[in-house]
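Visitor: sequence first, predicted coordinates after that:
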2 protein chains.
Amino acid sequence: MSNLKQLAQSLGLSITTVSRALDGYPDVSQATRERVREAAALTGYRPNASARRLRKQRAELVAVTLPSDPGHIGPPHFLDMLSGCAEHLATAGLNLVIAPVPRGESELDMCRRFVDGQRVDAMLLVRTKRRDERVEFLQARGIPFVTNGRTESVLPHPYLDGDGFAGFQAASLRFHADGHRRIAHIAGPQDYYFAHVRCMGWQAAMEESGLSSELCAEGAPTEQGGYLAALELLRHPRRPTAIVCATDEMAIGALRALREIEGGETISIVGHDDLPTGAYTSPPLSTMRMAGENLGRSFATLLLRAIAGEPSEELQELHPIEFVDRESHRRAPPNA
Amino acid sequence: MSNLKQLAQSLGLSITTVSRALDGYPDVSQATRERVREAAALTGYRPNASARRLRKQRAELVAVTLPSDPGHIGPPHFLDMLSGCAEHLATAGLNLVIAPVPRGESELDMCRRFVDGQRVDAMLLVRTKRRDERVEFLQARGIPFVTNGRTESVLPHPYLDGDGFAGFQAASLRFHADGHRRIAHIAGPQDYYFAHVRCMGWQAAMEESGLSSELCAEGAPTEQGGYLAALELLRHPRRPTAIVCATDEMAIGALRALREIEGGETISIVGHDDLPTGAYTSPPLSTMRMAGENLGRSFATLLLRAIAGEPSEELQELHPIEFVDRESHRRAPPNA
DNA sequence: CTTGAACTCCAAAACGTTTTGGTTCATAGT
DNA sequence: ACTATGAACCAAAACGTTTTGGAGTTCAAG
């Protein structure tokens, strides 16, 4: 409703002076500044966002694309993460818009729409693939962005990721140390970076321990996917005594499979993500999670620094994975 | 990068014609229209969002405020809901921005900032209170909005809500029909509309059945809140044989309390929200949820209609509550 | 008395659209 | 031959800021 012109008129000042007074420039006298601020507070004046954005050539917006296929949206923590990110972005005057990708449209189209329309100053990408077309597009366009998860892009780009390799290697070695000798892996789709790297971590541990890495089944990153993959593994003539699952959701599916199979209750299992639900499964699901609190804030910081033009190499955070000790990883004596 | 002027110049047309060609106005010849569209597609031109917004006096944005206190953000479904809402809003050219409320700031301030800065065309409010200052503010300002949950506002406003009264009444009567005679309620903070109305539903059922409604304990809408409330109820000389909980989270806390108390495993319980976790508790938690699929889309539709100026009275959706039959509500013979 | 600096303030331009109110030209009607 | 009618196009204004490049004072120094 109210704009600069009205406010200026009512104060007998020019819009220039009022604008500069509100922004705290030193070429406005103390007295005027206070008078202006008071009037602004009184009338609840705030500069029109679109006008400022147009003039300053900044969108004051960051978009995060949400894959719409269910089960791919990530753990419940995800909203908390977004919330934390948005909260910290807001301190820099940026807002976070969520951009779910409609069925039939690619995430790339989504990016294009935001970027070409100059609707955003930066983008946040989740669920990276090893070769990620969104990353390539944004790199080519020179738009700042941060990914949740690494990629195999040759050009460096800002990311925040957990060290899935180390985490899964450690988890697998832990099983080995507990005496397990047939350790399986339930893998997610290998075009996702996180799924691939977790598989690699398990494989490295197998090699390191001199164990076979034949016990690997890939499935959709869902409860059902985990269930089916587990059934496949359990059909193996020498079935595993322990299973390392790419995600908690898959692990929960695997637990369901174990419940249906004779002797299944003796098989140990571990997941990743620390889903709240995992605390209530039977047995409670041992799992892993990225270390660090308020990851959303970290994302926001990276985004702001990327927007400020810091080089990508300095905007890469690899967080260690920490183990969440519950019960499912020590279900039975491994002397089978 | 590219703007109308450049595009027009390269085509030997005026920016007016180019703009109108892209928008499909009839006062541009078929031939020109196609030529323009082709060139636009080729260069990837899209109108600058800020400029259009300024000119059209629309922000093309809808904000949803997220309470930042953990445990108040709602079930995991919530992100799916937001995602569905954003997806449908996008078909109308609107984007959804998430606006978490920083500690130390009120949700009202948040609204003020968005509204006064003309940053949004409408707002989506969640977790309404019986007397909700955000609602009053937006009503006074004449800004379109939709709430998730009703309020006691005298002026009607658009909302989408579940019929908590009927749901909790039915759940309580179901316990009565099963033979229970000491039916307790674990209530959420009564300034929240949903918590209040659920409590009223339970109370109505108690009256209707000629039972006492003394077995009521209020707690924070968290696992811990439910736990503490349950302990309080269990200290009662004539303890309940069944408990109706305001939320699943509280119900899960109550289950924890029951586990710690002798005979607790005979007490039936039911929650509300259909949290995924509830399927894995022991016993699996019977619960309720709002009927209807893709509620996010419903929110979006309501928002769009509110923006279009439809009267509030026609923008009120009260969805029935459906029962989710698992195990926790029939744990033991109620002949105690 | 002049000069220069310091302090306030402001007019005008620019950001990139959309829309208004035309103009020009050709064609059809009288 | 003159006037309507319609088709195709366009110049200019407007949206509300921020920023640039001064202009007008005042005051101290020379």
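Guide: Received the coordinates, thanks.
Visitor: near DNA strand D, which residues of chain A are found?
Guide: A:2-5, A:15-16, A:19-20, A:22-23, A:27, A:45, A:47-48, A:51-52, A:54-56 (Cβ under 7 Å from any atom of the strand). For every residue, glycine as well, the C-beta is placed using N, CA and C.
Visitor: please redo it, this time with the cut-off set to 10 Å
Guide: Residues of chain A found near DNA strand D (Cβ under 10 Å from any atom of the strand) are A:1-8, A:14-23, A:25, A:27, A:45-58.
Visitor: what's the pLDDT at residue A:67?
Guide: In this model, residue A:67 is scored at 84, pLDDT.
Visitor: got the contact list for residue A:238?
Guide: residue A:182 (Cβ atoms under 8 Å, 6 or more residues apart in numbering or on different chains).
Visitor: rerun at 10 Å
Guide: A:181-182, A:212, A:214-215, A:336 (Cβ atoms under 10 Å, 6 or more residues apart in numbering or on different chains).
Visitor: and for residue A:95?
Guide: Taking Cβ under 10 Å, 6+ apart as the test, what residue A:95 contacts is A:49, A:59-63, A:86, A:89, A:120, B:61, B:63, B:95, B:97-99, B:114, B:119-120.
Visitor: which residues of chain A lie near DNA strand C?
Guide: Counting by Cβ under 10 Å from any atom of the strand, chain A sits next to DNA strand C at A:4, A:8, A:11-21, A:25-33, A:35-36, A:50-57, A:116-118.
Visitor: which of these are buried, as a ChimeraX select command?
Guide: The ChimeraX selection below is limited to those of these classed as buried (16 or more other Cβ atoms under 10 Å in any protein chain shown):
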select /A:4,8,11,13,17,18,19,20,21,28,33,35,36,50,51,52,53,54,116,117,118
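Visitor: mind listing which of the residues of chain A next to DNA strand C are in helices?
Guide: A:4, A:8, A:11, A:15-21, A:30-33, A:35-36, A:50-56, A:116 (DSSP state H).
Visitor: relative to chain B, how far out is whatever residue of chain A ends up closest to DNA strand D?
Guide: Nearest residue of chain A to DNA strand D: residue A:4, at 2.8 Å (Cβ to the nearest atom of the strand). Residue A:4 sits 12 Å away from chain B, going by Cβ to the nearest Cβ, to the nearest Å.
Visitor: tell me who's in contact with that residue.
Guide: A:14-16, A:18-19, A:22, A:40, A:45, A:47-48, A:51.
Visitor: spatially, which two of those residues are the most separated?
Guide: A:14 and A:48 (17.6 Å; Cβ to Cβ).
Visitor: backbone phi and psi for the residue most central in space within chain A, please?
Guide: Geometric centre of chain A, nearest residue: residue A:148, 4.0 Å, by Cα atoms, centre = their mean. When read as degrees, to the nearest 10, the backbone of residue A:148 gives phi -90, psi 100.
Visitor: what bridges to it?
Guide: residue A:126, residue A:160 (DSSP bridges).
Visitor: that one reaches residue A:77, doesn't it?
Guide: No. Counting by Cβ atoms under 10 Å, residue A:148 sits too far from residue A:77 to count as a contact (11.5 Å).
Visitor: shared neighbours, these two?
Guide: A:290, A:295.
Visitor: list the buried residues in the lengthiest helix in chain A.
Guide: Ordering each helix of chain A by length in residues (DSSP H) puts helix A:193-209 first. By neighbour count on 16+ other Cβ under 10 Å, the buried set for helix A:193-209 is A:193-206, A:209.
Visitor: just give me the closest of those residues to residue B:129.
Guide: Checking the buried residues of helix A:193-209 one by one against residue B:129 (Cβ to Cβ), the nearest turns out to be residue A:194, at 40.2 Å.
Visitor: and the residue nearest to residue A:132 when sequence neighbours are not counted, how far from chain B?
Guide: Closest residue in space to residue A:132, ignoring its immediate chain neighbours: residue A:151 at 4.7 Å, by Cβ to Cβ, 6 or more residues apart in numbering or on different chains. Distance, residue A:151 to chain B, by Cβ to the nearest Cβ: 23 Å.
Visitor: part of a strand, is residue A:151?
Guide: No. Counting by DSSP: H, G, I helix; E, B strand; the rest coil, residue A:151 is not part of a strand but coil.
Visitor: now do the contacts for the closest residue to residue A:281 other than its chain neighbours.
Guide: Spatial nearest neighbour of residue A:281, chain neighbours left out: residue B:280 (4.8 Å); criterion: Cβ to Cβ, 6+ apart. Taking Cβ under 10 Å, 6+ apart, we find residue B:280 in contact with A:252, A:255-256, A:275-282, A:284-285.
Visitor: do I have it right that residue A:285 meets residue A:253?
Guide: No. Under the criterion of Cβ under 10 Å, residue A:285 makes no contact with residue A:253, lying 11.3 Å away.
Visitor: find the residues that touch each one of those two.
Guide: With Cβ under 10 Å, 6+ apart as the test, residue A:285 and residue A:253 both reach A:245, A:271.
Visitor: how about low-confidence regions in the stretch 51-200 of chain A?
Guide: Along the stretch 51-200 of chain A, the model assigns pLDDT under 70 to residues A:69-74.
Visitor: quick one, what contacts whichever residue of it sits closest to DNA strand C?
Guide: Closest contact between the stretch 51-200 of chain A and DNA strand C, by Cβ to the nearest atom of the strand, is at residue A:55 (3.5 Å). Neighbour list for residue A:55: A:47, B:50, B:54 [criterion: Cβ under 10 Å, 6+ apart].
Visitor: hmm, back to that, so after the longest helix of chain A, what's the next helix or strand?
Guide: Using DSSP states H and E, the helix or strand that follows helix A:193-209 towards the C-terminus is strand A:216-218.
Visitor: adjacent strands (with direction) for that following strand?
Guide: When DSSP bridges is applied, strand A:216-218 pairs with strand A:183-187 (parallel).
Visitor: quick one, the strand it pairs with and helix A:193-209 angle?
Guide: Here strand A:183-187 runs at 170 degrees with respect to helix A:193-209, directions being taken by axes from the mean of the first three to the mean of the last three Cα atoms, to 10 degrees.
Visitor: quick one: the helices in chain A?
Guide: A:4-11, A:15-22, A:30-43, A:49-56, A:77-90, A:107-116, A:133-141, A:164-177, A:193-209, A:223-234, A:248-260, A:295-307.
Visitor: which members of the contacts of residue A:238 are the farthest-apart pair?
Guide: A:214 and A:336 (17.4 Å).
Visitor: circling back to that earlier point, keep the buried residues of helix A:193-209, but drop any that are not near chain B.
Guide: Restricting the buried residues of helix A:193-209 to those near chain B by Cβ under 10 Å from any Cβ of the partner chain leaves nothing, as none qualifies.
Visitor: ok, of those, which one's closest to residue B:126?
Guide: residue A:194 (30.5 Å).
Visitor: take the contacts of residue A:95 and keep only those in strands.
Guide: The strands, defined by DSSP state E, take in A:61-63, B:61, B:63, B:95, B:97-99 from those.
Visitor: buried subset of those?
Guide: A:61-63, B:61, B:63, B:95, B:97-99.
Visitor: ok, these vs residue A:162, which is closest?
Guide: residue A:62 (21.8 Å).
Visitor: looks like the closest one contacts residue A:125 (just checking).
Guide: No. The criterion here is Cβ under 10 Å, and residue A:62 misses it with residue A:125 at 11.1 Å.
Visitor: common neighbours of these two, please.
Guide: With Cβ under 10 Å, 6+ apart as the test, residue A:62 and residue A:125 both reach A:145-146.
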